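**Student:** Kindly return the folded structure for what I paste below:
(one chain, ligands or ions: 2)
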Amino acid sequence: MSEALPDFKLIRPTSLDEALNALTAQPNTRLCAGGTDLIVNMRRGLETPDVLVDLGAISDLKTITMDDKGLRIGAGVTLRDLAGHAGIAGAFSAITQAANAIAGPNHREVATLGGNLCLDTRCQYYNQSHWWRKSNDFCLKYRGDICHVAPNGNRCRAAFSGDLAPALIVFGAKVEIAGPDGVRSCDLADLYREDGADHLTLTKDEIVIAVQIPPTDAASAYDKIRVRGAVDFPLAGVAVACRTDASGARHFALAVTGTNSMPLRVDMPDPLGKDDDPDSYFKALEKLVQKAVSPQRTSTIAPHYRRLSASALSARLARALI
Ligand SMILES: Cc1cc2nc3c(=O)[nH]c(=O)nc-3n(C[C@H](O)[C@H](O)[C@H](O)COP(=O)(O)OP(=O)(O)OC[C@H]3O[C@@H](n4cnc5c(N)ncnc54)[C@H](O)[C@@H]3O)c2cc1C
Ligand code: SF4
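**Tutor:** Ligands and ions are numbered 1, 2, ... in the order given. Sure thing, here's the model as predicted:
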């Protein structure tokens, strides 16, 4: 099979209602935002939609509002606009750092928040050409019978590798989702489940429309370990937020991407008190992250290395925030 794009019908609605109707009007219809993940997968024969609903002409999805109620980012906001928003850079640094760490500048011109949150999971046995996968008898995620990563298991372990989700989760983000019955909202962390072949809790007729974050005075940071220094998915990506209370104690929130089939919110130890020993606190934090993540052989880099990287990066980022 060549890597040419298969034929499909393109619909470009200008309102959310039109998009919701188009999504259910015909079977085998998919949403497309920037297309930087979906179109690549279509060329590889991993996705074969008959109809694409392009969200790019819906202006309501492209707004950012920041006021005393907090921050609301539309799903259609591009990563370039997100990374360039001065207010977000000032109050939510982890979001700006994560947006800037995604792909390259050309991708970020068109890639969106919604597409990044709904990005497919990745695996070295899956993100390959059709002929490569066919010669390996495909795999459990698509067309095959066994998982080459965990042959004795019965579920796909492909890794969720979106950079933005952890940087939003540490602020307690909620996601707004539109569907045929109206708009619902849930914790962003609950948009995901630990199944590489079906990692989103969205139904086929739903559209992510925005993310909301309550006001915060927490300091924050995001960083990732990757094979190449530029334009590369995270082997492990970590976001940390740190709030100081009136007694001077530090409360941390921490989330990790790239190691599991979903972004992971890691439960933190008690706050770091003013008189506590930071060295033992961050050692304990490192251990906690090591235990929480479960990287698999989904990339050429050893899972153990990714586990240690995630925990070392977590401690490094958290320490820099005190
Ligand atoms: C060379 C290269 C490097 C990359 N590096 C990174 C990286 O370092 N980090 C990273 O996170 N990503 C990376 N990506 C993947 C991708 O570019 C980004 O994740 C991007 O943010 C995807 O957004 P998009 O708008 O282009 O999504 P699309 O490709 O348009 O969509 C992705 C998925 O989300 C669904 N979708 C889109 N919008 C919505 C919505 N509003 N509601 C529900 N579902 C929706 C689509 O149906 C599709 O399944 C890379 C891609 C390439 C090609
Ligand atoms: S983890 Fe297993 S089932 Fe999932 S994509 Fe990789 S090889 Fe396929």
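**Student:** mind listing what's buried in the lowest-mean-pLDDT helix or strand in the chain?
**Tutor:** Least confident helix or strand of the chain, by mean pLDDT, DSSP states H and E, is helix 130-135 with a mean of 94. Neighbour counts using 16 or more other CB atoms under 10 Å place His130, Arg133 of helix 130-135 among the buried residues. The way it works is simple: take the backbone N, C-alpha and C, and place the C-beta from them, glycine included.
**Student:** Equivalent analysis for stretch 36-56, please.
**Tutor:** Going by neighbour count (16+ other CB under 10 Å), the buried part of stretch 36-56 is 36-38, 41-47, 49, 51-56.
**Student:** which ones among those residues come in contact with ligand 1?
**Tutor:** Thr36, Asp37, Leu38, Leu55 (CB under 6 Å from any ligand atom).
**Student:** among the residues you listed, which are in helices?
**Tutor:** Among these, the members found in helices (DSSP state H) are Leu38.
**Student:** With pLDDT and distance to Met268 as new columns, can the ones next to ligand 1 among the buried residues of stretch 36-56 be given to me in a markdown table?
**Tutor:** Below are these laid out as a markdown table (pLDDT from 0 to 100; distance: CB to CB, whole Å):
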| residue | pLDDT | distance to Met268 |
| --- | --- | --- |
| Thr36 | 98 | 33 |
| Asp37 | 98 | 31 |
| Leu38 | 98 | 35 |
| Leu55 | 98 | 36 |
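**Student:** What is the end-to-end distance of stretch 267-281?
**Tutor:** 14 Å (CA to CA, to the nearest Å).
**Student:** Check what contacts that stretch and list those residues.
**Tutor:** 245, 247-254, 284-285, 288, 292, 319, 322 (CB atoms under 8 Å, 6 or more residues apart in numbering).
**Student:** how near is Ser280 to Ala22?
**Tutor:** 56 Å (CB to CB, to the nearest Å).
**Student:** So for those two, which sits in the more crowded spot?
**Tutor:** Neighbours per residue (other CB atoms under 10 Å) separate Ser280 from Ala22, with Ala22 holding more: 18 against 10.
**Student:** Name the residues of stretch 303-318 that are buried.
**Tutor:** 303, 306-315, 317-318.
**Student:** same check, this time on stretch 236-253
**Tutor:** If you call a residue buried by 16+ other CB under 10 Å, then stretch 236-253 has these buried ones: Ala236, Gly237, Val238, Ala239, Val240, Ala241, Cys242, Arg243, Thr244, Arg250, Phe252, Ala253.
**Student:** three-state assignment of the fourth one?
**Tutor:** Read it as Ala239. Taking DSSP: H, G, I helix; E, B strand; the rest coil as the rule, one finds Ala239 in the strand state.
**Student:** residues contacting it?
**Tutor:** 94, 98, 166-167, 169-170, 220-222, 254-256, 317.
**Student:** now those in TSV, with secondary structure and pLDDT?
**Tutor:** Shown next, in TSV, are the contacts of Ala239 (DSSP: H, G, I helix; E, B strand; the rest coil; pLDDT from 0 to 100):
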residue	secondary structure	pLDDT
Ala94	helix	98
Ala98	helix	98
Pro166	helix	98
Ala167	helix	98
Ile169	helix	98
Val170	coil	98
Ser220	strand	98
Ala221	strand	98
Tyr222	strand	98
Leu254	strand	98
Ala255	strand	98
Val256	strand	98
Leu317	helix	98
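**Student:** List buried members of these by neighbour count.
**Tutor:** 94, 98, 166-167, 169-170, 220-222, 254-256, 317.
**Student:** Looking at these, which one is closest to Arg133?
**Tutor:** Closest approach to Arg133 among these (CB to CB): Val256, at 28.0 Å.
**Student:** neighbours around Gly273, how many?
**Tutor:** 13.
**Student:** ah, wrong one, I meant Ala210
**Tutor:** Ala210, neighbours per other CB under 10 Å, totals 24.
**Student:** where's it, which helix or strand?
**Tutor:** Under the criterion of DSSP states H and E, Ala210 resides in strand 207-213.
**Student:** pLDDT (mean, whole number) over that strand?
**Tutor:** Taken as a whole, strand 207-213 has a mean pLDDT of 98.
**Student:** Tell me the strands beside that strand, with direction?
**Tutor:** strand 70-74 (antiparallel), strand 174-179 (antiparallel) (DSSP bridges).
**Student:** touching ligand 1 at all, that strand?
**Tutor:** Yes - contact of strand 207-213 with ligand 1 (CB under 6 Å from any ligand atom) involves Ile207, Val208.
**Student:** which residues are in contact with the least confident helix or strand of the chain?
**Tutor:** Residues outside helix 130-135 that contact it (CB under 8 Å, 6+ apart): Met1, Glu3, Arg44, Gly45, Tyr125, Tyr126, Cys139, Tyr142, Arg143, Gly144.
**Student:** ok, the fifth one - contacts?
**Tutor:** Applying CB under 8 Å, 6+ apart, one finds that Tyr125 lies in contact with Arg133, Asn136, Cys139, His148, Val149, Thr298.
**Student:** and the third one, what does it touch?
**Tutor:** Spelled out, that is Cys139. Cys139 makes contacts with Cys123, Tyr125, Tyr126, Arg133, Ile146, Cys147, His148, Cys156, as judged by CB under 8 Å, 6+ apart.
**Student:** Many thanks, I have nothing further to ask.
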